[in-house]
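Q: I'll drop the sequence and a predicted model, then ask my questions.
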Amino acid sequence: MDESIKRQPLGKGVFINTSHRHSFGTDAVLLADFADPKPDSSVVDLGTGCGIIAFLMLRDKKLSSVFGVDISAEAINLCNLSAAENGFQNFFAINENLNNLKGKIEFGKHNLVCSNPPYKAPNAGIKNPDGTLAAARHETECTLEDIIKVSAKLLQTGGKLCMCHRPERLAELMETMRRNKIEPKRLRLVIQRLGEKPWLVLVEGRRCANTGLIIEPPLYIEENGDLSAEMLRIYGPYKEEHI
């Protein structure tokens, strides 16, 4: 195996391959748990990277199919390697810009679309000179509008879009969902510890749904200096492996 690739255990006998450019953080793990697909769902993960969201779902659920879409060939190679090693025959990797998916994946048929998108607008902050790393953080290859517009095309009526983002872009995120006929239905704030401001928002919208937003209790990462009970549940399958 390439020495630049790290093979990391996810628990339950599942492994994932990561690299310097394509690893994962807490936000992706939280989004996979928040999205919680029903059994036999067809799932699309836009901007899949190393495939962490897809493989966590496949680890825990019997799903009909999971499509991982990424513009990076390196990311897709990692996904294919992980899928082969884990025997996930219902995972399908697509190396493409998400704006060019017509004819490569069926529209209007999927139960769930997930995306852990670039958090920074194109002109916000200093871009990484590495184009792959820049695209993961800035909207250089796709915008928030692009992601949500494509998600609306992929989803069946009533299908859900689950995303994580920074709190300062929550209003923009929800307004863009509604403009593309995805109604925000569920919202959860993620806070490091009691007394601090949220650092992440988790949002679920449903295509062509009625209005009605549920605001769930905050998710605290830490309690009394240790991981919270909920974080221990989320990390449960692999906490002993120190991921």
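A: Great, that's in hand. Numbering: from 1, shown residues only.

Q: and the helices in this structure?
A: Under the criterion DSSP state H, helices of the chain are mapped to 26-35, 52-60, 73-86, 131-137, 144-154, 170-179, 229-235.

Q: contacts for stretch 197-205 next, please.
A: 27, 30-31, 34-35, 160-167, 170, 173-174, 177, 182-192, 218-219 (Cβ atoms under 8 Å, 6 or more residues apart in numbering). For every residue, glycine as well, the C-beta is placed using N, CA and C.

Q: next up, the contacts around the closest residue to Asp40 other than its chain neighbours.
A: Distances taken as Cβ to Cβ, 6 or more residues apart in numbering put Ser64 closest to Asp40, at 4.9 Å, once the chain neighbours are dropped. Applying Cβ under 8 Å, 6+ apart to Ser64 gives the contacts Asp40, Ser41, Ser42, Asn90.

Q: verify the stated contact: the last one with Ser65.
A: So the one you mean is Asn90. Yes. In this structure, Asn90 is within contact of Ser65 by Cβ atoms under 8 Å, at 5.0 Å.

Q: compare these two (neighbour count), which wins?
A: Applying other Cβ atoms under 10 Å to Asn90 and Ser65 shows that Ser65 carries more neighbours, namely 18 against 14.

Q: show me what the more buried one bridges to in the sheet.
A: Taking DSSP bridges as the rule, Ser65 bridges to Ser42.

Q: so it sits against Val43, correct?
A: Yes. Counting by Cβ under 8 Å, Val43 is a contact partner of Ser65 at 7.2 Å.

Q: the closest residue in space to Asn95 that isn't next to it in sequence: what's it in contact with?
A: What sits nearest to Asn95 in space, not counting adjacent residues and going by Cβ to Cβ, 6+ apart, is Ile76, at 4.2 Å. Contacts here follow Cβ under 8 Å, 6+ apart; on that basis Ile76 touches Gly68, Asp70, Ala93, Ile94, Asn95.

Q: where does pLDDT dip in this protein?
A: Residues of the chain meeting the criterion pLDDT under 70: 1-3, 120-140, 238-243.

Q: can you give me the end-to-end span of stretch 58-68?
A: Taking Cα to Cα, to the nearest Å, stretch 58-68 runs 12 Å from one end to the other.

Q: stretch 200-218: end-to-end distance?
A: For stretch 200-218, the first-to-last residue distance is 10 Å (Cα to Cα).

Q: for that stretch, the distance to its chain's centre please.
A: On the basis of Cα atoms, centre = their mean, to the nearest Å, stretch 200-218 sits 16 Å off its chain's mean C-alpha point.

Q: ok, and what's touching stretch 161-178?
A: Outside stretch 161-178, the residues that touch it by Cβ under 8 Å, 6+ apart are 27-28, 30-31, 34-35, 112-117, 119, 144-145, 147-148, 151-152, 155, 182-184, 189, 197-207.
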